[in-house]
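# mind folding the following:
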Amino acid sequence: MPFYVRQGKVPPKRHITFYKDDGKSLYREELFSTKGFSGIYSNKYHLYMPTQVKKIGEIPQKKSNDWPDAPLQYYHFFTDNKKSTGNIISSRNEFLKNDNCVISTSNVSEDSDFFFRNSYAHELIFVHHGKGNFLSEYGSLPFDQWDYIVVPKGTTYQIKFDSFEGNKLFIVESSTPFDIPRHFRNEYGQLTEDAPYYERDFKVPSYMDPVDKQNDFELVIKLRERYFRFIMPNHPFDVVGWDGYLYPYTFNLKEYAPKVGKIHLPPPVHLMFTTQHFVVCNFVPRLFDFHPEAIPAPYYHSNVDSDEVLYYVYGDFMSRKGVKEGSVTLHPMGIPHGPQPGKTEKSIGVKETDEYAVMIDTFQSLKVTANVKETMAEGYSQSWLEE
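A predicted model of the protein is given here:
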């Protein structure tokens with residue numbers, strides 16, 4: 001994140017003695033850092049050593065759901081047709097993945113007493129439906145419908161929903177951080193005047209009293225496609241204070257301020273986050289192009305270095321027919337795509353759009369899983385044939 005946050009009790013300097021109220025025993029400082037101590041970081045102060053563990057064991061998993069002979073083609077599939085009940089882990093269904101990105105949905109239907117940490121991936125959790133509280137070592141972070149929850153790799157957390165009726169999460173895992181694009185920040189890291197969002201739009205955790213409990217606490221750690229169970233002797237949320245630049249936060253899709261132009265602008269104008277291996281863009285309601293002969297629908301294009309994924313959130317989608325809430329389209333690199341028949345002509349003269357979608361452009365091709373095969377719309381690749 002581009003700004004500094006401080007919560008709770010911290011000593012006047014880093015790496016010095018910081019005694020508990022008894023004046024004898026020390027709080028335990030943990031540096032939570034990135035890029036080999038050269039990137040952004042936070043310092044957390046624990047009641048107990050965060051390294052303590054009583055027992056470690058691997059959790060058996062189902063066999064891979066790969067679709068090894070999936071053809072190169074256009075894909076349209078319906079994530080709402082694949083719902084698994086369960087907690088934040090067991091309800092996840094993977095649809096698309098490569099070495100640096102995993103795209104899943106989750107319909108969380110039950111609470112979990114365990115704590116979760118994704119050890120090898122940063123997570124971007126889009127709350128399509130539901131509201132609740134994201135709890136972590138950093139404090140309490142309420143979330144609402146259409147919030148992004150940005151979770152740094154290695155964060156220990158729990159998600160508590162207010163209700164288990166109709167929850168839907170769209171989850172993107174990344175091997176590298178979800179960063180604010182460099183051109184949206186000035187030389188001091190502050191968001192620029194022409195950025196599509198402002199620091200006030202980002203919500204950070206509020207202070208939560210440390211939990212001083214000793215018992216057997218279960219921490220589930222994800223290591224790529226493997227899961228491990230750590231039994232901890234102390235409650236993970238025993239932090240009395242922290243400060244720094246690295247922490248979970250939320251941003252609501254409705255707060256994104258889109259840019260418009262005289263003629264159609266390319267997708268990078270809708271940029272939200274960058275990673276080293278893909279980008280995330282937002283499509284939100286906006287005015288259309290104001291050239292008197294403008295064509296609002298996108299032109300046909302071949303993005304030869306990117307697979308394009310669109311997750312449809314809400315609205316009437318101007319360039320595509322047959323999509324609905326929860327639909328995903330995948331247009332692989334190297335083959336052209338664009339509006340379906342009649343959509344270009346129909347867009348002429350239209351002044352605005354009322355649609356929400358999340359787009360992911362990956363710089364490495366994506367593998368489709370058996371979940372895509374199970375939920376895909378038949379004949380989508382032929383949907384550009386003139387009627």
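
# contacting residues around the residue positioned nearest the centre of the chain?
Residue closest to the average C-alpha location in the chain (Cα atoms, centre = their mean): residue 124, at 1.3 Å. Residue 124 makes contact with 148, 149, 150, 151, 171, 172, 173, 174, 178, 273, 280, according to Cβ atoms under 8 Å, 6 or more residues apart in numbering. To be clear about C-beta, it is placed using only N, CA and C from the backbone, and glycine gets the same treatment.

# ok, residue 28 next?
For residue 28, the contact set (Cβ under 8 Å, 6+ apart) comprises 45, 46, 47, 48, 49, 50.

# quick one: the fourth one from residue 211, how far?
So the one you mean is residue 48. Between residue 48 and residue 211 the distance is 11 Å, computed by Cβ to Cβ, to the nearest Å.

# over to residue 171?
Counting by Cβ to Cβ - residue 171 and residue 211 are separated by 26 Å.

# residue 188: neighbour count?
For residue 188, the neighbour count with other Cβ atoms under 10 Å is 6.

# that one and residue 74, how far apart?
44 Å.

# if we can go back for a sec, so residue 48 and residue 211 - more neighbours on which side?
Each of residue 48 and residue 211 has its neighbours counted (other Cβ under 10 Å); residue 48 has more, 18 against 14.

# so that one touches residue 234, yeah?
Yes. Between residue 48 and residue 234 a contact is recorded at 4.3 Å, counting by Cβ atoms under 8 Å.

# could I get the full set of strands for the stretch 51-200 of the chain?
Ranges of strands in the stretch 51-200 of the chain, per DSSP state E, counting those that start in this stretch, are 55-59, 75-78, 92-98, 101-106, 115-118, 122-129, 132-136, 139-143, 147-151, 156-161, 168-174.

# which stretch among these comes nearest residue 341?
Judged by Cβ to Cβ, the one of the strands of the stretch 51-200 of the chain that comes nearest to residue 341 is strand 75-78, at 15.2 Å.

# for stretch 375-384, the averaged confidence score.
Averaged over stretch 375-384, pLDDT sits at 94.

# CA-only coordinates of it, as PDB, when you get a sec.
Provided in PDB are the C-alpha atoms of stretch 375-384 (Å, rounded to 0.1, in the frame of the first residue of the first chain):
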ATOM      1  CA  THR A 375     -19.900 -25.600 -16.600                       C
ATOM      2  CA  MET A 376     -19.100 -24.200 -20.100                       C
ATOM      3  CA  ALA A 377     -21.500 -22.900 -22.600                       C
ATOM      4  CA  GLU A 378     -21.600 -25.200 -25.600                       C
ATOM      5  CA  GLY A 379     -20.900 -23.500 -29.000                       C
ATOM      6  CA  TYR A 380     -19.400 -20.300 -27.600                       C
ATOM      7  CA  SER A 381     -16.500 -20.500 -30.100                       C
ATOM      8  CA  GLN A 382     -19.000 -20.400 -32.900                       C
ATOM      9  CA  SER A 383     -21.000 -17.400 -31.500                       C
ATOM     10  CA  TRP A 384     -19.300 -14.900 -33.900                       C
END
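
# hmm, who's touching stretch 321-333?
72-80, 95-96, 103, 105, 128, 168, 303-314, 317, 320, 337, 340, 343, 365-366, 368, 372, 377, 380, 383.

# would you mind listing the buried residues in that stretch?
Buried positions in stretch 321-333, judged by neighbour count with 16 or more other Cβ atoms under 10 Å: 323, 325, 326, 327, 328, 329, 330, 331, 332, 333.
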